[in-house]
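[1] heads up, no residue letters with this:
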């Protein structure tokens, strides 16, 4: 989901090709290093994040507890956004009338209360159905269908977007680096996007690592994850940047319409300009985004279930029920933050409960969790403990570079992300 609506906006805001190259470098350096750390830690211990850290001593369990809190904060508001996507998919399936009105439809929907709640619960039901069927019976089968479909649909829409008049100018902006756009803010944004799209420091990769058998080549697996993530982000940019470039006339105009505005207000206006095929394109696009949202929510709900199961030593069924109750109740609270609870503005005038949870989880807790993990592996248990796990299934020729990254480079970069995001949110500077 982060690849679909966050990456194109950041690429437009920070110089197109310049941001793309910087993001590529981070994904295949620090991104892969941290992916390998988390998956190897999970496989070595056979536990989700709390149990994984506790295996090295009870005094380290707090790191796992802190990391484990992140998915519990994120998944409720992810499901709220998933509900928005479900509503737009349904709207375009019914013809798409009135959806490209400059934002009135979107504002009316999210502030409606009951209607937005229904679509959130529908999205949650899809997520719960898949996770409830288990790792092999539900999650694996769902991903075998959704991930290839996501890539195929994204590629088809990207090709179509490039046929629009004037789209080539947008494509040039997206792919051709302009080094005059390079800035500290660009580096920080690319680093943050790397963490966001690779699901780092939120317990997901530790949990999935715990499911892997000892014969799985971890170096190959994390390479595939990084490659797929970058590929989906690249395709999302191909879809959205040229199309919105055509509709809005400049990269600056695209950049000013970030997040929900880009996906739920600007893109419907782009579709509207396509005439009679607008509903078809709208359906195809929001099917794509729905698949992206579901893969994210399924991973988060599965991670929460595994954390509760390991932490409370209860059955998977009981852990799943607790996760469902928590996610649903918190989702209702976040949803009502746009209607009956809109008076709650925790980050100042115009902010919402969703904005606050997004800031706390992505800008504060994830960098702190990553920093503690790097210190723990790099300086306490030492990198050799993870290197030995990786080498059980494949040679690890770059282990010295990896160890140096975990001990020195990653902590410095994580501190930069944390300080920059908090300072930006508090108004010290703009990103």
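    Good, I have the coordinates. Model, not experiment: these values are computed from the prediction. Residues are numbered from 1 along each chain as shown.

[2] hey, let's count contacts and neighbours off CA atoms from now on
    Noted.

[3] next, the distance between the ends of stretch 173-186.
    With C-alpha to C-alpha, to the nearest Å as the measure, stretch 173-186 spans 16 Å from end to end.

[4] and stretch 331-351, by the same measure?
    17 Å.

[5] list the buried residues for it?
    The neighbour-count check on stretch 331-351 (16 or more other C-alpha atoms under 10 Å) flags 331-339, 341-342, 344-345, 351 as buried.

[6] in helices, which of those residues appear?
    331, 332, 333, 334, 335, 336 (DSSP state H).

[7] let me know the closest of these to residue 130.
    Within the set of those, residue 331 lies nearest residue 130; the separation is 18.2 Å, counting by C-alpha to C-alpha.

[8] tell me the contacts of that closest one?
    76, 77, 79, 80, 120 (C-alpha atoms under 8 Å, 6 or more residues apart in numbering).

[9] which of those has the most neighbours?
    For the contacts of residue 331, the largest number of neighbours (other C-alpha atoms under 10 Å) sits with residue 79, at 31 neighbours.

[10] do you know the pLDDT at it?
    Listed pLDDT for residue 79 reads 97.

[11] surely it and residue 297 touch.
    Yes - Residue 79 is within contact range of residue 297, at 6.8 Å (criterion: C-alpha atoms under 8 Å).

[12] where does the protein have its least confident helix or strand?
    helix 251-255 (a mean of 69; mean pLDDT, DSSP states H and E).

[13] for the helix or strand just after it, the averaged confidence score.
    In the C-terminal direction, the helix or strand that comes right after helix 251-255 (DSSP states H and E) is helix 260-261. In this model, helix 260-261 has a mean pLDDT of 72.

[14] how about the helices in the stretch 1-150 of the chain?
    2-13, 17-26, 32-45, 49-54, 61-93, 104-110, 114-132, 141-161 (DSSP state H, counting those that start in this stretch).

[15] report the residue spans of the stretch 1-150 of the chain with pLDDT below the cut-off.
    For the stretch 1-150 of the chain, residues meeting the criterion pLDDT under 70 lie at 135-139.

[16] kindly report the same for the stretch 201-350 of the chain.
    251, 254-255, 257-259.

[17] show me the helices in it, by range?
    204-210, 218-248, 251-255, 260-261, 267-272, 278-312, 316-336.

[18] residue 132 is nearest to which of those helices?
    Per C-alpha to C-alpha, nearest to residue 132 of the helices of the stretch 201-350 of the chain: helix 316-336, 7.3 Å.

[19] what angle separates that closest one from helix 278-312?
    Put simply, helix 316-336 runs at 130 degrees to helix 278-312, going by axes from the mean of the first three to the mean of the last three C-alpha atoms, to 10 degrees.

[20] contacts for stretch 149-159?
    232, 235, 236, 238, 239, 240, 284, 285, 288, 291, 292.

[21] one more time with 7 Å
    Stretch 149-159 has contacts (C-alpha atoms under 7 Å, 6 or more residues apart in numbering) with 232, 235, 236, 238, 239, 288, 291.

[22] ok, now stretch 392-399?
    So stretch 392-399 is contacted by 214, 215, 216, 217, 387, 390 (C-alpha under 7 Å, 6+ apart).

[23] need phi/psi at the third one.
    It stands for residue 216. Backbone dihedrals for residue 216, given as degrees, to the nearest 10, come out at phi -70, psi 130.

[24] next, count neighbours for it.
    15.

[25] if I look at it, how far off is residue 389?
    Taking C-alpha to C-alpha, one finds residue 216 at 11 Å from residue 389.

[26] mind listing what residue 360 touches?
    No contacts exist for residue 360 under C-alpha under 7 Å, 6+ apart.

[27] mind doing that once more with 10 Å?
    Contact criterion C-alpha atoms under 10 Å, 6 or more residues apart in numbering gives 70, 73, 74, 354, 366, 422 as the residues in contact with residue 360.

[28] how close does the second one get to residue 359?
    Look at residue 73 and residue 359: by C-alpha to C-alpha, they are 10 Å apart.

[29] tell me the SS of residue 428?
    coil (DSSP: H, G, I helix; E, B strand; the rest coil).

[30] show the pLDDT at it.
    Residue 428 is given a pLDDT of 73.

[31] so how far is residue 196 from the residue nearest to residue 422 when sequence neighbours are not counted?
    Here the nearest residue to residue 422 in space, its sequence neighbours aside, is residue 363; by C-alpha to C-alpha, 6 or more residues apart in numbering that works out to 6.7 Å. According to C-alpha to C-alpha, residue 363 and residue 196 sit 10 Å apart.

[32] farthest residue from the center of this protein?
    residue 276 (32.9 Å; C-alpha atoms, centre = their mean).

[33] list the residues that contact it.
    So residue 276 contacts residue 95 (C-alpha under 10 Å, 6+ apart).

[34] can we see that at 8 Å?
    By C-alpha under 8 Å, 6+ apart, residue 276 has no neighbours at all.

[35] returning to that earlier point: if you compare the helices of the stretch 201-350 of the chain, which one is most tucked away?
    Neighbour counts (mean count of other C-alpha atoms under 10 Å) averaged over each of the helices of the stretch 201-350 of the chain peak at helix 204-210, with a mean of 26.
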